[in-house]
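>>> Here is my input, please return the structure:
(chains A and B)
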Number of protein chains: 2
Amino acid sequence: MKGSAFSEYSPQQVREIIRKGDYDLPTPGMAKGHVQANLVVLPKDWAYDFLVFAQRNPKPCPVLDVTEPGDPEPKIVAPGADIRTDIPKYRVWIDGQCVDEPKDILKYWRDDFVAFLLGCSFTFESALLDAKIPVRHIEKGSNVPMYITNIQCKPAGRLSGPMVVSMRPIPYNQVSTAVLSTGRFPAVHGAPIHIGNPEAIGIKNVNSPDFGDAVPIYDNEVPVFWACGVTPQAALMASKPPLAITHAPGHMFVADPKDSSYAVF
Amino acid sequence: MKGSAFSEYSPQQVREIIRKGDYDLPTPGMAKGHVQANLVVLPKDWAYDFLVFAQRNPKPCPVLDVTEPGDPEPKIVAPGADIRTDIPKYRVWIDGQCVDEPKDILKYWRDDFVAFLLGCSFTFESALLDAKIPVRHIEKGSNVPMYITNIQCKPAGRLSGPMVVSMRPIPYNQVSTAVLSTGRFPAVHGAPIHIGNPEAIGIKNVNSPDFGDAVPIYDNEVPVFWACGVTPQAALMASKPPLAITHAPGHMFVADPKDSSYAVF
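Okay, the predicted model is just below:
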């Protein structure tokens, strides 16, 4: 059963099903209208650098919640949840290398772990669809194409790296609407960081993404680029903390707030 | 000479005058159109708690820049500036008590100090004035009235406390415009947190503010309350770090970005 089969479930119900181990597929479509989030877990020793990195690079790193050290409950966005069990699939990174892809992280959890939940593009994609703007990779049932750019993030402590962006082809006469629709959500990547010419941000071949799947760009369309939640993970992997845990791509944390609660106008 | 005498100076010029010790008055009006910021300096040991507190309470605690430990240069908002000398008057707090009000903090500076610059209401007051909305305390030449509310901030580590708000009386037929004008600036307190009945947020007597000066509210006006940058200082003072340094009220840090650069729409 795909995520969309659980579209009418509450976030609490979805997390309970995942916690029991009854669901291990990607989460798009689950608890429709509620925010889904990227996960980064780090030892407290690294958490400060990560938080400053996020403050300096808010478009790719929109922090929605930070747990207390050792406490697996994200009290702001999902009271009662357990960050160790409520995601269908995790990735465990040692010295920047992925060493495990477990269904829970109970055996890895430590008293000094801090979990960060970061906004994800699913929120603004709902806004695009609401505005009748097509989202190509959803139409195709594929993953969004993502690219490493020549835009450098502002470094913080031990963390640095290039900004990663996602791309959606938008019909030229809907580009302004796409900017305004997604600009309403500054807490979840916000307005595009670039529109048009991919080379301007160091993307040599838009048909060959660094992550995700290529999508066709039709004649009347412009490639539009948004800051991507893969950026903080890429910076972490490049800076090689001794231990870090993330969600597996597409397997997000389903949180309580409605997407609409992050709109500023 | 008041701050307005320096309205056409650049932020760099203003900081140089202050750095030389040639100016020790409040900064409103200086380098008009550029962001002014609240300062909080803490030992690294407390900086993480403060950053999480700010993440959980973004309306009262809008972080614009965080310096590297020991480095007095706010590289994001004012490259070349020195946080130890470029503010006209500071306050030094030991165990939550103000013990000194120096013109620079060179002798207090330590290798483990982190400086936070936080957005200030001057930015959105410019937006109100641009929208032809009167700002009473500016008309009166007094300080904005501020109140301790019964709204609790979300605690973080050792930091907790009530939200402090500032109040501006707005003619009833301009309240919506005031909401929209200030809502454009989520990075500097944003839209009001309350409109109307002061008792609803625990303010017993609107004519008796906890900080600043009372202002008259005329018959056709509604009291409108915004999250206030005094909130993080109040939380710090309540939690009594061994050492903290802030700006003295009204004596802000004049940063490079234009106010308008923080608008989201």
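>>> can you give me the helices in the stretch 1-150 of chain A?
Per DSSP state H, counting those that start in this stretch, the stretch 1-150 of chain A carries helices over the ranges A:11-19, A:44-56, A:122-130, A:136-140.
>>> okay if I get the ones you listed as TSV plus distance to residue B:212 and mean pLDDT?
For every residue, glycine as well, the C-beta is placed using N, CA and C. Below are those laid out as TSV (distance: least, Cβ to Cβ, whole Å; pLDDT from 0 to 100):
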stretch	distance to residue B:212	mean pLDDT
helix A:11-19	42	97
helix A:44-56	28	96
helix A:122-130	38	91
helix A:136-140	51	92
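>>> Tell me how many other residues surround the residue nearest to residue A:143 when sequence neighbours are not counted.
Leaving aside its sequence neighbours, residue A:143 sits nearest to residue A:212 (Cβ to Cβ, 6 or more residues apart in numbering or on different chains; 4.0 Å). Number of residues near residue A:212 (other Cβ atoms under 10 Å in any protein chain shown) recorded here: 19.
>>> Can you name the residues of the stretch 151-265 of chain A that neighbour chain B?
Within the stretch 151-265 of chain A, the positions near chain B by Cβ under 8 Å from any Cβ of the partner chain are A:154, A:156-157, A:180, A:183-184, A:186, A:190-191, A:264-265.
>>> With distance to residue B:8 and neighbour count added, can I get those residues in a markdown table?
Shown next, in a markdown table, are these (distance: Cβ to Cβ, whole Å; neighbours: other Cβ atoms under 10 Å in any protein chain shown):
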| residue | distance to residue B:8 | neighbour count |
| --- | --- | --- |
| A:154 | 30 | 14 |
| A:156 | 35 | 21 |
| A:157 | 38 | 15 |
| A:180 | 34 | 14 |
| A:183 | 32 | 18 |
| A:184 | 35 | 19 |
| A:186 | 32 | 21 |
| A:190 | 33 | 22 |
| A:191 | 32 | 21 |
| A:264 | 32 | 17 |
| A:265 | 33 | 14 |
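>>> Which parts of the stretch 151-265 of chain A are helices?
Along the stretch 151-265 of chain A, counting by DSSP H, counting those that start in this stretch, helices occupy A:175-183, A:230-239.
>>> Got the phi and psi for residue A:206?
Dihedral angles of residue A:206 (phi, psi; degrees, to the nearest 10) stand at phi -70, psi -20.
>>> Just list the residues touching the residue nearest to it when sequence neighbours are not counted, thanks.
Leaving aside its chain neighbours, residue A:206 sits nearest to residue A:198 (4.5 Å; criterion: Cβ to Cβ, 6+ apart). Neighbouring residues of residue A:198 by Cβ atoms under 8 Å, 6 or more residues apart in numbering or on different chains: A:147, A:167, A:204, A:206, A:223, A:225.
>>> Specify which member of these is nearest to chain B.
Chain B lies nearest to residue A:225 out of the contacts of residue A:198, by Cβ to the nearest Cβ, at 18.2 Å.
>>> And the residue of the stretch 101-250 of chain A that's closest to chain B?
The minimum distance from the stretch 101-250 of chain A to chain B, using Cβ to the nearest Cβ, falls at residue A:186 (5.3 Å).
>>> need the strands for chain A, in chain order.
Remark: strands assigned in chain A by DSSP state E are A:34-43, A:63-66, A:90-94, A:97-100, A:113-119, A:146-152, A:162-171, A:194-195, A:221-227, A:243-247, A:253-258.
>>> right, and residue A:27 touches residue A:248 too?
No. Assessed by Cβ atoms under 8 Å, residue A:27 is found out of contact with residue A:248, at 10.3 Å.
>>> Find residues that contact each of those two.
When contacts are counted by Cβ under 8 Å, 6+ apart, residue A:27 and residue A:248 are jointly contacted by residue A:88.
>>> Between these two, which is the more surrounded one?
Counted by other Cβ under 10 Å, residue A:27 and residue A:248 do not tie: residue A:27 has more neighbours, with 25 against 18.
>>> And that one, how close does it get to chain B?
Separation of residue A:27 from chain B (Cβ to the nearest Cβ, to the nearest Å): 24 Å.
>>> residues in contact with residue A:185?
Going by Cβ under 8 Å, 6+ apart, residue A:185 touches A:119, A:123-124, A:127, A:259, A:262-264.
>>> for residue A:242, same thing?
A:43, A:94-95 are the contacts of residue A:242 under Cβ under 8 Å, 6+ apart.
>>> and if you look at residue A:85?
Residues near residue A:85 by Cβ under 8 Å, 6+ apart: A:18-19, A:104-106.
>>> which of these tops the neighbour count?
Highest neighbour count within the contacts of residue A:85, by other Cβ under 10 Å: residue A:18, with 26 neighbours.
>>> May I ask which two of the residues of the stretch 151-265 of chain A next to chain B are separated the most?
A:157 and A:180 (35.3 Å; Cβ to Cβ).
>>> Just send the contacts of residue A:85 back as a markdown table, with distance to residue B:143 too.
What follows is the contacts of residue A:85, written out as a markdown table (distance: Cβ to Cβ, whole Å):
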| residue | distance to residue B:143 |
| --- | --- |
| A:18 | 52 |
| A:19 | 52 |
| A:104 | 54 |
| A:105 | 51 |
| A:106 | 54 |
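>>> now, among those, which is nearest to residue B:88?
Taking Cβ to Cβ as the measure, residue A:105 is the one of the contacts of residue A:85 closest to residue B:88, at 50.6 Å.
>>> got a pLDDT number for the closest one?
Here the pLDDT value assigned to residue A:105 is 98.
>>> so it makes contact with residue A:84?
Yes. Applying Cβ under 8 Å, one finds residue A:105 in contact with residue A:84, separated by 4.9 Å.
>>> Could you identify which of the helices of the stretch 151-265 of chain A is most buried?
Most buried of these, by mean neighbour count (mean count of other Cβ atoms under 10 Å in any protein chain shown): helix A:230-239, with a mean of 22.
>>> List the contacts of it.
The contact list for helix A:230-239 (Cβ under 8 Å, 6+ apart) reads A:38, A:40, A:42, A:50, A:53-54, A:57, A:60-61, A:93, A:96, A:116, A:118, A:146, A:148, A:153, A:158-164, A:211, A:244, A:246.
>>> Among those, the buried ones, what's the ChimeraX command?
Here is the ChimeraX command that selects the buried residues among the contacts of helix A:230-239 (16 or more other Cβ atoms under 10 Å in any protein chain shown):
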select /A:38,40,42,50,53,54,57,60,61,93,116,118,146,148,153,158,159,161,162,163,164,211,244,246
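>>> of all the residues in the stretch 1-150 of chain A, which ones are close to chain B?
With Cβ under 8 Å from any Cβ as the criterion, the stretch 1-150 of chain A comes near chain B at residues A:44, A:47-48, A:51-52, A:55-56, A:63, A:66, A:68, A:76.
>>> Contact partners for residue A:103?
When the contact criterion is Cβ under 8 Å, 6+ apart, the partners of residue A:103 are A:21, A:24, A:88-90.
>>> Tell me the pLDDT of residue A:152.
Reported pLDDT for residue A:152: 95.
>>> For it, which non-adjacent residue is closest in space?
residue A:162 (5.9 Å).
>>> The one you found touches residue A:147, doesn't it?
No. Counting by Cβ under 8 Å, residue A:162 stays clear of residue A:147, with 9.6 Å between them.
>>> I'd like the distance between the closest residue to residue A:46 other than its chain neighbours and residue A:101.
Take residue A:46 and drop its neighbours on the chain: the residue closest to it by Cβ to Cβ, 6+ apart is residue A:241, 4.9 Å away. Going from residue A:241 to residue A:101 by Cβ to Cβ, to the nearest Å gives 18 Å.
>>> Please say which of the two ends up with more neighbours.
Set residue A:241 next to residue A:101 and count neighbours by other Cβ under 10 Å: residue A:241 wins out with 19 against 11.
>>> surely the more buried one meets residue A:40?
No. Using Cβ under 8 Å, residue A:241 and residue A:40 do not qualify as a contacting pair, with a distance of 10.1 Å.
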